[in-house]
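**Student:** model the structure of this input:
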Amino acid sequence: MYICSAMLKVVAIMLSGMAVGFLLRKRRLRVVPHLVTVLIWALLFFLGVEVGENPQVINGISSLGLEALWLSLTGIAGTILFSWALWRWISSKKGGDDR
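**Tutor:** Alright, predicted model coming up:
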């Protein structure tokens, strides 16, 4: 039951954010993209802190081995490749090259 309650909170927070965004859509909120970037970096940092303090994760790092490294590197490479391809495709649809 706890998972359902937590999920409802997440959905409610998202919907409230969407409602605020809808109400403020006519305004130029220049600070929002910068704020989102800062908050994402903070979330990643605190995720790293939580992973770093978990002894099971830290002790299991050595057993992850080359397979985990391979999955990470190919995931990163795939993300870069497909992001680049999407950027090129979107740029060609606009009729110009935004570099």
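
**Student:** for this structure, which residue is closest to the average position?
**Tutor:** Closest residue to the average C-alpha location of the chain: residue 40 at 6.9 Å, with C-alpha atoms, centre = their mean.

**Student:** how much space separates that one from residue 22?
**Tutor:** For residue 40, the distance to residue 22 equals 22 Å [C-beta to C-beta, to the nearest Å]. Where you see a C-beta, it was placed from the backbone N, CA and C, and this is true even at glycine.

**Student:** the helix or strand hosting residue 91 packs against which elements?
**Tutor:** Element membership for residue 91, per DSSP states H and E: helix 55-94. Judged by 3 or more C-beta pairs under 8 Å, 6 or more residues apart in numbering; DSSP states H and E, helix 55-94 is in contact with no other helix or strand.

**Student:** quick one: pLDDT of residue 79?
**Tutor:** Residue 79 carries a pLDDT score of 97 in this model.

**Student:** and it, how far is that from residue 85?
**Tutor:** For residue 79 relative to residue 85 (C-beta to C-beta), the value is 11 Å.

**Student:** do the same with residue 24
**Tutor:** 34 Å.

**Student:** sorry, back to before: just the element for the residue nearest to the centre of the chain, please.
**Tutor:** Secondary structure from DSSP H and E places residue 40 in helix 31-53.

**Student:** may I have that helix as PDB, with CA atoms only?
**Tutor:** What follows is helix 31-53, C-alpha atoms only, in PDB (Å, rounded to 0.1, in the frame of the first residue of the first chain):
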ATOM      1  CA  VAL A  31      14.800  31.300 -14.600                       C
ATOM      2  CA  VAL A  32      13.000  27.900 -15.000                       C
ATOM      3  CA  PRO A  33      15.400  26.200 -17.400                       C
ATOM      4  CA  HIS A  34      18.400  27.200 -15.200                       C
ATOM      5  CA  LEU A  35      16.600  26.100 -12.000                       C
ATOM      6  CA  VAL A  36      15.700  22.700 -13.600                       C
ATOM      7  CA  THR A  37      19.400  22.200 -14.600                       C
ATOM      8  CA  VAL A  38      20.600  23.000 -11.100                       C
ATOM      9  CA  LEU A  39      18.000  20.700  -9.500                       C
ATOM     10  CA  ILE A  40      18.900  17.900 -11.800                       C
ATOM     11  CA  TRP A  41      22.600  18.300 -10.900                       C
ATOM     12  CA  ALA A  42      21.700  18.300  -7.200                       C
ATOM     13  CA  LEU A  43      19.500  15.200  -7.500                       C
ATOM     14  CA  LEU A  44      22.400  13.400  -9.300                       C
ATOM     15  CA  PHE A  45      24.800  14.500  -6.500                       C
ATOM     16  CA  PHE A  46      22.500  13.300  -3.700                       C
ATOM     17  CA  LEU A  47      21.900  10.000  -5.600                       C
ATOM     18  CA  GLY A  48      25.700   9.500  -5.700                       C
ATOM     19  CA  VAL A  49      25.900  10.300  -1.900                       C
ATOM     20  CA  GLU A  50      23.200   7.700  -1.200                       C
ATOM     21  CA  VAL A  51      24.900   5.100  -3.400                       C
ATOM     22  CA  GLY A  52      28.200   5.900  -1.800                       C
ATOM     23  CA  GLU A  53      27.000   5.400   1.700                       C
END
